[in-house]
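*Asks:* Predicted coordinates and the sequence they were generated for:
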Amino acid sequence: MKSDTIAAVATGMTDSGIGIVRISGNDSINIVDKIYRSKSGKYHFHDFKSHTIHYGYIVEKKEGKCTEENMPFDESDIVDEVMVSLMKAPNSYTAEDTVEINCHGGVLMVNKILETVIRNGARLAEPGEFTKRAFLNGRIDLSRAEAVMDIIHSKNKFALKNSVRQLRGSVFDEIRKLRNEIIYEIAFIESALDDPEHISLEGYGDKLSKKTDDILYHLKKMLDSADNGKILKEGIHTVIVGKPNAGKSSFLNLLVGEEKAIVTDIAGTTRDALEESINLNGICLNVIDTAGIRFTEDVVEKIGVERAKKYACEADLVVYVIDASIPLDENDDEIIDMIAGKKTIVLLNKTDLDAFVTEDMVWEKMSGRWEKDLVSHIHMIKASMKENIGMNIFEDTIKDMFFQGEISFDNEVVITNMRHKEALMDAYESMLQVKKSLENHMPEDFYSIDLMSSYASLGKIIGEEVEEDLVNEIFSKFCMGK
Ligand SMILES: Nc1nc2c(ncn2[C@@H]2O[C@H](COP(=O)(O)OP(=O)(O)OP(=O)(O)O)[C@@H](O)[C@H]2O)c(=O)[nH]1
Ligand SMILES: [Mg+2]
């Protein structure tokens, strides 16, 4: 395959032990031949075996290029002492000839090596261009390419594990299996329509109906996993609300493990929202502490209260902190109305003091203001931020609410990519159409059209039916050097 040769720094742009400049394309070996010299003078890279690594120097003559074989070089021509690895096509990440120069880390050095490589014939790679080439050269499908980026951006060990599975083909395998089943049915219908004398469609409706249900079941399972998938990837957007002085900021500080928010006994201490990202044994929570909600004339506090309401509205999870040592009042009514229908954990705080508010009182108030089934979204925990009581139960409750008690995705495909989710939804819709046509005893070519569109939608996930613009957009979000 013909392509120009690209280069980029593959490691982080910061001081580090080693930096890697990666080169890929037809000219990679020629370029390295010009600038690499081993200690013994041997440097003809074309003669080296694939998947070998070589110690030596990157050298460049001040006045020009080192192109002559055995051309002597001075100490002053040395750019850096390096290890250079060689991976010949097609057995490399991009499926092209690839050379990686391991130089000393540090922004100045890696940039200097990159500039030398570019002066000698490579072009600066665009973000994600190495992975894009791996995809365009057919080495990986689009879902695997996207997994590469997800691995780099993983925020917790579960997301990481899932992305590694996706890179190994978990999504690809599942999609390919479904597509094979669909295309088999399309082919059968088309051949039967072409050759009715030899292939009969008698009783075929029942068979297709079973197959359609089966495919719908698998698509639904993947779609359902996307809710967990989003949380897995982005973390749970959590907002702490409650009246002033209830102990919201104390709760945030306990979660973070340090005094991030100011805590005082003055009601109205927190005014602006404060956001922290917390890793709770692998579960990522993006937590916002907000201003206590109460009726106020104070202009600044008022803005804080409005913000708290807005954040609560957008949250995946609301933590409603109640000071159990003082009675519920009309401010609690307002909070309860505001969080109706949200997944909520009520922290009945300050249970180290004499209790005024019981769990039953909160249930009663909520039941009085909400429709009956909304109360089922609520979990209540007796807590004391002062004595660090309730935090373990809080963690278990989150596992129950978001991961059905068990955070394990070992054997299922979890959809974490919104693009995949949309394509799955389209595929699901088309299969529902097939089901409808079957129920209405429509002619066979009707099924065939919707089966085809389901097949095409699934193809988008693995990159078989995608436009060039979309491919460019996906890879433009990658980082440099990947
Ligand atoms: N006894 C007792 N006091 C607590 C507990 N939790 C918090 N407090 C105290 O309650 C007061 C208010 O705590 P904060 O965490 O600032 O409350 P807040 O909800 O953030 O208040 P605002 O920012 O004003 O809305 C502080 O004096 C805390 O030390 C608890 O479990 N028991
Ligand atoms: Mg506060």
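*Replies:* On my side now, so go ahead. Ligands and ions are numbered 1, 2, ... in the order given.

*Asks:* In three-state terms, label residue 7 for me.
*Replies:* With DSSP: H, G, I helix; E, B strand; the rest coil as the basis, the three-state label of residue 7 is strand.

*Asks:* Give me the distance between it and ligand 2.
*Replies:* Spatial separation of residue 7 from ligand 2 under the definition CB to the ion, to the nearest Å is 51 Å. To be clear about C-beta, it is placed using only N, CA and C from the backbone, and glycine gets the same treatment.

*Asks:* check contacts around that residue.
*Replies:* With contacts taken as CB atoms under 8 Å, 6 or more residues apart in numbering, residue 7 has the following neighbours: 21-24, 114, 117-118, 122-125.

*Asks:* Equivalent analysis for residue 367, please.
*Replies:* Taking CB under 8 Å, 6+ apart as the definition of contact, the neighbours of residue 367 are residue 375.

*Asks:* If you count neighbours, what's buried in the helix or strand hosting it?
*Replies:* With elements delineated by DSSP states H and E, residue 367 resides in helix 359-369, which encompasses its position. Of the residues in helix 359-369, those scored as buried under the neighbour-count criterion (16 or more other CB atoms under 10 Å) are 361-362, 366.

*Asks:* again, but for stretch 365-383
*Replies:* Burial within stretch 365-383, assessed by neighbour count using 16+ other CB under 10 Å, is assigned to 366, 370, 374, 377-383.

*Asks:* got the CA coordinates for stretch 319-338 in CSV?
*Replies:* Listed next in CSV are the C-alpha coordinates belonging to stretch 319-338 (Å, rounded to 0.1, in the frame of the first residue of the first chain):
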residue,chain,number,x,y,z
VAL,A,319,-27.3,12.9,47.7
TYR,A,320,-29.9,14.7,49.9
VAL,A,321,-28.2,15.5,53.3
ILE,A,322,-30.7,16.1,56.2
ASP,A,323,-29.7,17.4,59.6
ALA,A,324,-31.6,14.9,61.7
SER,A,325,-31.2,17.1,64.8
ILE,A,326,-33.6,19.8,63.6
PRO,A,327,-37.2,19.5,62.3
LEU,A,328,-38.0,19.2,58.6
ASP,A,329,-39.5,22.5,57.3
GLU,A,330,-40.8,24.2,54.1
ASN,A,331,-37.2,24.3,52.7
ASP,A,332,-37.2,20.5,52.8
ASP,A,333,-40.5,20.6,50.9
GLU,A,334,-38.9,22.6,48.2
ILE,A,335,-35.9,20.2,48.0
ILE,A,336,-38.2,17.1,47.9
ASP,A,337,-40.2,18.7,45.1
MET,A,338,-37.0,19.5,43.2
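
*Asks:* tell me how far that stretch is from the chain's mean position?
*Replies:* The chain centroid and the centroid of stretch 319-338 are separated by 36 Å, computed with CA atoms, centre = their mean, to the nearest Å.

*Asks:* Please apply the same query to stretch 191-199.
*Replies:* Between the centre of stretch 191-199 and the centre of its host chain there is 47 Å, according to CA atoms, centre = their mean.

*Asks:* what does stretch 188-197 give?
*Replies:* Its chain's C-alpha centre lies 44 Å from the corresponding centre of stretch 188-197 when counted by CA atoms, centre = their mean.

*Asks:* Averaged pLDDT, that stretch. What do you get?
*Replies:* pLDDT averaged over stretch 188-197 equals 90, rounded to a whole number.

*Asks:* Need the residues that contact that stretch.
*Replies:* By CB under 8 Å, 6+ apart, the residues outside stretch 188-197 that reach it are 199-201, 204, 444-445, 447-448, 451.

*Asks:* which one of these is nearest ligand 1?
*Replies:* Taking CB to the nearest ligand atom as the measure, residue 451 is the one of those closest to ligand 1, at 56.7 Å.

*Asks:* and the closest one, backbone torsions?
*Replies:* phi -60, psi -40 (degrees, to the nearest 10).

*Asks:* Residue 434 is in contact with that one, correct?
*Replies:* Yes. In terms of CB atoms under 8 Å, residue 451 counts as a neighbour of residue 434; the distance is 5.9 Å.

*Asks:* if I look at residue 202, how far off is residue 444?
*Replies:* The gap separating residue 202 from residue 444 is 12 Å, by CB to CB, to the nearest Å.

*Asks:* What of residue 6?
*Replies:* Counting by CB to CB, the gap between residue 6 and residue 444 amounts to 49 Å.

*Asks:* quick one: which of the two has more around it?
*Replies:* For residue 6 against residue 444, the residue with the higher neighbour count under other CB atoms under 10 Å is residue 6, and the figures read 24 against 17.

*Asks:* beta partners of the more buried one?
*Replies:* Each beta-bridge partner of residue 6 is listed here, defined by DSSP bridges: residue 24, residue 123.

*Asks:* Next up, the contacts around it.
*Replies:* By CB under 8 Å, 6+ apart, the neighbours of residue 6 are 23-25, 122-126, 129-130, 133.

*Asks:* buried subset of those residues?
*Replies:* Restricting these to buried positions leaves 23-25, 122, 125, 129-130, 133, with burial counted as 16+ other CB under 10 Å.

*Asks:* For ligand 1, tell me which of those show up nearby.
*Replies:* By CB under 6 Å from any ligand atom, no member of the buried ones among the contacts of residue 6 lies near ligand 1.

*Asks:* Dump the residues you listed to CSV, plus distance to ligand 2 and pLDDT.
*Replies:* Converted to CSV, the buried ones among the contacts of residue 6 look like this (distance: CB to the ion, whole Å; pLDDT from 0 to 100):
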residue, distance to ligand 2, pLDDT
23, 54, 98
24, 53, 98
25, 56, 97
122, 55, 95
125, 48, 95
129, 47, 94
130, 47, 95
133, 51, 94
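
*Asks:* which one of these is nearest residue 414?
*Replies:* Distances from residue 414 to the buried ones among the contacts of residue 6, taken as CB to CB, are shortest for residue 130 (26.1 Å).

*Asks:* To which secondary structure element is that closest one assigned?
*Replies:* Counting by DSSP H and E, the element that carries residue 130 is helix 129-136.

*Asks:* what's in contact with the helix or strand that comes right after that helix?
*Replies:* Sequence-wise, the next helix or strand beyond helix 129-136 is helix 142-153, with elements assigned using DSSP H and E. If you take CB under 8 Å, 6+ apart as the criterion, helix 142-153 is touched by 128, 131-132, 134-135, 159-160, 162-164, 166-167, 169, 171-172, 175, 233, 416-417, 419-420, 461-463, 466, 471, 474-475, 477-479, 482.

*Asks:* and residue 214, that one's in a strand?
*Replies:* No. Counting by three-state DSSP, residue 214 is located in no strand; its state is helix.

*Asks:* And it, how far from ligand 1?
*Replies:* Distance, residue 214 to ligand 1, using CB to the nearest ligand atom, to the nearest Å: 52 Å.

*Asks:* Repeat that for residue 114.
*Replies:* 50 Å.
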